[in-house]
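Participant: Provided below are the primary sequence and the corresponding predicted coordinates.
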Amino acid sequence: MDAQDSEDPKQSTADMTAFVQNLLQQMQSRFQTMSESIITKIDEMGNRIDELEQSINDLRSEMGIEASAPSVPSKPKDEPKTGNDPS
């Protein structure tokens with residue numbers, strides 16, 4: 001019985017190691033799947049934003065509003081400080 005008792009901890013450790021490795025592999029697989037899904041959704045959102053931007057530009061053209069008056073300023077308000085530049 002002593003030989004059997006000395007084998008049980010080793011077998012138990014091996015079983016636990018295999019279980020943990022399998023669990024980690026499953027988690028890695030799930031995280032990889034989730035990561036790919038998130039990246040795909042971000043790409044889709046980027047495409048939809050591009051399409052929306054194009055639609056807005058098309059509507060502006062139809063209305064006679066040129067792209068020279070963007071709804072989002074191209075330069076931050078902090079930039080026009082050339083008069084205070086010491087150089």
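Facilitator: Yep, it's here.

Participant: Met63 and Gln54, how far apart?
Facilitator: Per Cβ to Cβ, to the nearest Å, Met63 is found 15 Å from Gln54. For every residue, glycine as well, the C-beta is placed using N, CA and C.

Participant: so between these two, which is more surrounded?
Facilitator: Ranked by neighbour count (other Cβ atoms under 10 Å), Met63 and Gln54 place Gln54 first, with 10 against 7.

Participant: which helix or which strand is home to Gln28?
Facilitator: Using DSSP states H and E, Gln28 sits in helix 2-63.

Participant: show me what that helix is packed up against.
Facilitator: On a contact count with 3 or more Cβ pairs under 8 Å, 6 or more residues apart in numbering; DSSP states H and E, helix 2-63 meets no helix or strand.

Participant: quick check, pLDDT for Gln11.
Facilitator: Per-residue confidence at Gln11 stands at 89 (pLDDT).

Participant: so how many other residues sit close to it?
Facilitator: Close neighbours of Gln11, defined as other Cβ under 10 Å, add up to 10.
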